[in-house]
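Engineer: Please find the sequence and the predicted model below.
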Amino acid sequence: MFKTYTAAVHDAPTPSASRTHRGGWIGSDEHKRAFCRSFVDSHRPFRPEGVAWPDLDAVGRERLAALPIWNEAVRTEAETALKVQTLGTIEPDPILAEAIALQGYEEGRHAEILRRLTERYGIAVDAFPAPRPPKSPRWAFVSTGYGECIDSFFAFGLFAIGRRSQYFPAPLIDVFEPIMQEEARHILFVVNWVAYLRARTPWALRPGFDARFLWALGGQLVEHARNAVRFGGGGSQQGFTMASHSAFGDLSARSFLELCLAENERRLEPYDARLPRPRLVPAAVRTALRFIRDGKSGRTAIAEAADAPSQNRRSA
Ligand SMILES: [Fe+2]
Ligand SMILES: [Fe+2]
């Protein structure tokens, strides 16, 4: 039912090279080949039906079911998959089309893995209307891609805490490790793709491009702020908040943000060093950190996260 991605990469010069591109690496054919190649070459082939779901005891299943993310995550992954896949089918440049289609495939795989997880552990998910193809696939991908830049930054930190605290058993964390890494590849691709598109946009049309980009980004920021308020005030999430306190409660806001920064850097480190990294969220967090003075450093938290398994082995 769910096919392994097998399409070949077409490494051909772009047919739509803009005459307005005036040199510089960002926006060049070489830049395009580098970010597409980096993305395609780091794809990991595996199938959702091959995922080995570990057995969970009652506490583990309860913790998993209490995570206040399932409705949002299942719906968002399905919508994202359709948006990216739609763009993959209409993108005229074969090199970009190949990489975007592959990203669409990976998002579809995320949606399928989440569907199987909720089924496997009996987690109820509200029905939602089937997603509809976007009217403007290119801008839908910009918007959703920058939404992922925000989500992934914090998810990287939360994931490291989850591993360190052993709030969930290691085999379950291991299932999600490649998915976290895929999100790192996705945001790296998106920021490079947007930088490429912008560099290829004629000067006269740049203000329009920038305005549309800011509109897409602003929409994501508003939506994320709304979700944060909803989550913060959600009485139904009380069980999760109380249960998770013992695992997360000792980490200060500063330590958490520093951990996110360090994890973000670590996850993006393996890829072509010439490619610009997502900067927006890390820069905003670095600015925020100037006003937050408390707690241990994220590097300490990282070291603890790395050390936790060996400590547990020692105490076993
Ligand atoms: Fe995803
Ligand atoms: Fe993604």
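Structural biologist: Arrived safely. Ligands and ions are numbered 1, 2, ... in the order given.
Engineer: Model confidence score at S297, please.
Structural biologist: S297 carries a pLDDT value of 50.
Engineer: So what does R290 have for phi and psi?
Structural biologist: Main-chain torsions, R290, degrees, to the nearest 10: phi -60, psi -20.
Engineer: Tell me the residue of this structure that sits nearest ligand 2?
Structural biologist: Going by Cβ to the ion, ligand 2 is nearest to H186 of the chain, at 3.6 Å. In this view, the C-beta of every residue, glycine as well, is placed from N, C-alpha and C.
Engineer: Locate that residue within the secondary structure: which element?
Structural biologist: According to DSSP states H and E, H186 maps onto helix 170-200.
Engineer: helices or strands next to that helix in the packing?
Structural biologist: Applying 3 or more Cβ pairs under 8 Å, 6 or more residues apart in numbering; DSSP states H and E, one finds that helix 170-200 makes contact with helix 29-41, helix 94-120, helix 137-165, helix 206-232, helix 253-268.
Engineer: Mind doing that once more with 10 Å?
Structural biologist: helix 29-41, helix 58-66, helix 70-90, helix 94-120, helix 137-165, helix 206-232, helix 253-268 (3 or more Cβ pairs under 10 Å, 6 or more residues apart in numbering; DSSP states H and E).
Engineer: Buried by neighbour count: which residues of the shortest one qualify?
Structural biologist: In terms of neighbour count (16 or more other Cβ atoms under 10 Å), helix 58-66 has its buried residues at 60, 63-66.
Engineer: Just the CA trace of it, in CSV.
Structural biologist: Extracted C-alpha coordinates of helix 58-66, given in CSV (Å, rounded to 0.1, in the frame of the first residue of the first chain):
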residue,chain,number,x,y,z
ALA,A,58,-0.2,0.9,31.0
VAL,A,59,1.8,3.9,32.2
GLY,A,60,3.6,4.3,28.9
ARG,A,61,0.4,4.0,26.9
GLU,A,62,-1.3,6.6,29.1
ARG,A,63,1.5,9.0,28.8
LEU,A,64,1.5,8.6,25.0
ALA,A,65,-2.3,9.1,24.8
ALA,A,66,-2.1,12.1,27.1
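Engineer: Could you number the chain from 21 rather than 1 from now on?
Structural biologist: OK, 21 is where the count begins now, so the last one is helix 78-86.
Engineer: pLDDT on it, on average?
Structural biologist: 92.
Engineer: on that earlier part again, can you list the helices and strands packed on helix 190-220 in TSV and add distance to ligand 2?
Structural biologist: Below are the helices and strands packed on helix 190-220 laid out as TSV (distance: least, Cβ to the ion, whole Å):
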stretch	distance to ligand 2
helix 49-61	11
helix 78-86	21
helix 90-110	6
helix 114-140	5
helix 157-185	5
helix 226-252	14
helix 273-288	13
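Engineer: N212 is nearest to which of the ones you listed?
Structural biologist: Among the helices and strands packed on helix 190-220, the nearest to N212 by Cβ to Cβ is helix 49-61 (3.8 Å).
Engineer: export that closest one as CSV, just CAs?
Structural biologist: In CSV, the C-alpha atoms belonging to helix 49-61 read as follows (Å, rounded to 0.1, in the frame of the first residue of the first chain):
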residue,chain,number,x,y,z
ASP,A,49,22.3,26.5,-10.5
GLU,A,50,25.0,25.2,-8.3
HIS,A,51,23.2,26.3,-5.2
LYS,A,52,20.0,24.6,-6.4
ARG,A,53,21.8,21.4,-7.2
ALA,A,54,23.5,21.5,-3.8
PHE,A,55,20.4,21.9,-1.7
CYS,A,56,18.4,19.4,-3.8
ARG,A,57,21.3,16.9,-3.8
SER,A,58,21.8,17.2,-0.1
PHE,A,59,18.1,16.5,0.5
VAL,A,60,17.8,13.6,-1.9
ASP,A,61,21.1,11.9,-0.9
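Engineer: Up against ligand 1, what does the stretch 71-220 of the chain have?
Structural biologist: 127, 130 (Cβ under 5 Å from the ion).
Engineer: Name all residues that make contact with the residue in the stretch 71-220 of the chain that ligand 1 sits nearest to.
Structural biologist: Nearest residue of the stretch 71-220 of the chain to ligand 1: H130, at 3.8 Å (Cβ to the ion). The contact partners of H130, by Cβ atoms under 10 Å, 6 or more residues apart in numbering, come to 68, 93-94, 96-98, 100-101, 199, 202-203, 206.
Engineer: Could you measure from it over to V145?
Structural biologist: For H130, the distance to V145 (Cβ to Cβ, to the nearest Å) stands at 14 Å.
Engineer: Spatially, what comes nearest to the one residue sitting closest to the centre of the chain if we skip its sequence neighbours?
Structural biologist: Residue closest to the mean C-alpha point of the chain, counted by Cα atoms, centre = their mean, is E203 at 3.3 Å. Leaving aside its chain neighbours, E203 sits nearest to S172 (4.4 Å; criterion: Cβ to Cβ, 6 or more residues apart in numbering).
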